[in-house]
Every structure is written in C-alpha cells, then in structure tokens.
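Participant: quick one: sequence plus predicted model below, questions after.
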Amino acid sequence: MDCNDCIPPGSGKLPGRALALRMPLQAMVKAKNSSFPLGPQAAILNFLPTNSATDPKFISIQESPYHGLNFCQGSVSEMLEDPGKEILDVIQYFGSRKKIFNVHFRNIRGKRDDFVEVYPDEGDIDMVKAMLAYREVEYSYMMMPNHVPYHTDDPGGSQAFAFAYGYIRALIQTVDQLG
C-alpha cells in the first residue's frame, strides 16, 4: 500500500489518480487491488452507502473488477451505531458488488466511538450470521484475523491468533455443511 491509499475520498485527488494509474496494469495482469480505506480514523460514513442506489465513494473512484476492499469487519463495525445489526447490511452491500477481496474477520463489543476489541466469540457481532452473509454474496477469498486482544498470559499473541484461526475455520466448515 502506498500513502495515496491512506487518503480518504474528498480530501484530494491522489487516491483517484493513484487508482487510475494502477488499474490498467492490474487489469492487464488480472491482479486485484485490495485497498484498506476503512478504519476508525477514516471518515467511514463517506465510504458507506447512504441508500442502496448510491455507490460508496471509494469503490466508485475507479470502477474496475480489480478495485476493491481489504474489508476489515472490525474497523467497519467500530464506525457503526449498532454493529450487531448494521454489519450484515454492509457485508451485503460490498459483497454483492464483488468489492470484498479479503476479510479481517474480528469482533468488537460496543458501538461507534465506544468499543473494545474482543475475541471472535465474545462480541456484539453474530459471527455465524456474518459468515453466512459472506457465503450469501459468494465471497471466496481469504478470511483472517488481523489482530487479536492482548492478555498477559499470551504476550506474543500466539494462543489468541490460534484461537481466532480455529474459530474462523470452524465457522467455515459449519457454513459449508449448512449447504
């Protein structure tokens, strides 16, 4: 990722220019650009749809099947007033447009401006419903934790990451068995 990807739409022309320069080459080699514009510091509401007929600004800057999101479910949830309900609509919105290229699958407890990151089985997001939402939009790429809560008995995070990966794998297997 270069610094142009860190600048939200509306703050200047660099993101559009950077994408315009990269998209022809990416299309030529069929390489997907998985940008990470969604995070607590970003003006998330500028990226999310105001209604189902309006494309979010970021994914419409440079329309291409090779331009999409590194979709951080945790970061998006941190910007929602009721993440337990709203995140499923966000997954549906971006996923139905085939704009999710990989997923940071993590959970939070709380809401916009008042949240804490938790283990996948402890938060306000129903992770089974979230996994089902990804299946519904036929998402077929990587599903991973991007970070995990810290605790003193696991200073390197190895146990926490092992738990998160195991939890994700179990959900994938469960959803696959549901058909």
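Facilitator: Received the coordinates, thanks.
Participant: quick one: secondary structure of the most centrally placed residue in the chain?
Facilitator: Most central in the chain under Cα atoms, centre = their mean is Phe71, positioned 1.8 Å from the mean C-alpha point. Secondary structure, DSSP: H, G, I helix; E, B strand; the rest coil: Phe71 is strand.
Participant: gap between it and Leu19?
Facilitator: Going from Phe71 to Leu19 by Cβ to Cβ, to the nearest Å gives 17 Å. Just so you know, the C-beta spots here come from the backbone N, C-alpha and C atoms, and that holds for glycine as well.
Participant: same deal with Val137?
Facilitator: 23 Å.
Participant: settle it for me: which of these two has more neighbours?
Facilitator: Leu19 (21 against 17; other Cβ atoms under 10 Å).
Participant: next one: the helix or strand hosting the more buried one to chain centre, how far?
Facilitator: Under the criterion of DSSP states H and E, Leu19 resides in helix 14-29. In terms of Cα atoms, centre = their mean, to the nearest Å, the centre of helix 14-29 is set 21 Å apart from its chain centre.
Participant: what average pLDDT does it get?
Facilitator: Averaging pLDDT along helix 14-29 yields 71.
Participant: also stretch 117-126?
Facilitator: 96.
Participant: quote the end-to-end distance of that stretch.
Facilitator: 14 Å (Cα to Cα, to the nearest Å).
Participant: tell me how far it lies from the chain's centre.
Facilitator: 15 Å.
Participant: cool, stretch 146-160 as well?
Facilitator: 21 Å.
Participant: buried residues, that stretch. List them.
Facilitator: 146, 148, 160 (16 or more other Cβ atoms under 10 Å).
Participant: which residues of the protein score low on pLDDT?
Facilitator: Residues of the chain meeting the criterion pLDDT under 70: 1-17, 35-58.
Participant: how many neighbouring residues does Gly166 have?
Facilitator: 11.
Participant: helix or strand for it, which one?
Facilitator: With DSSP H and E as the test, Gly166 turns up in helix 158-178.
Participant: so Lys111 sits right up against Leu80, yeah?
Facilitator: Yes: using Cβ atoms under 8 Å, Lys111 is in contact with Leu80, at 6.6 Å.
Participant: who has more neighbours, these two?
Facilitator: Leu80 (22 against 17).
Participant: which ones are touching that one?
Facilitator: By Cβ atoms under 8 Å, 6 or more residues apart in numbering, the contact list for Leu80 reads 86-87, 90, 111-112.
Participant: repeat that for His147.
Facilitator: 106, 117, 157.
Participant: now the first one: closest residue in space, sequence neighbours ignored.
Facilitator: Distances taken as Cβ to Cβ, 6 or more residues apart in numbering place Gly74 nearest to Arg106, at 3.8 Å, with adjacent residues excluded.
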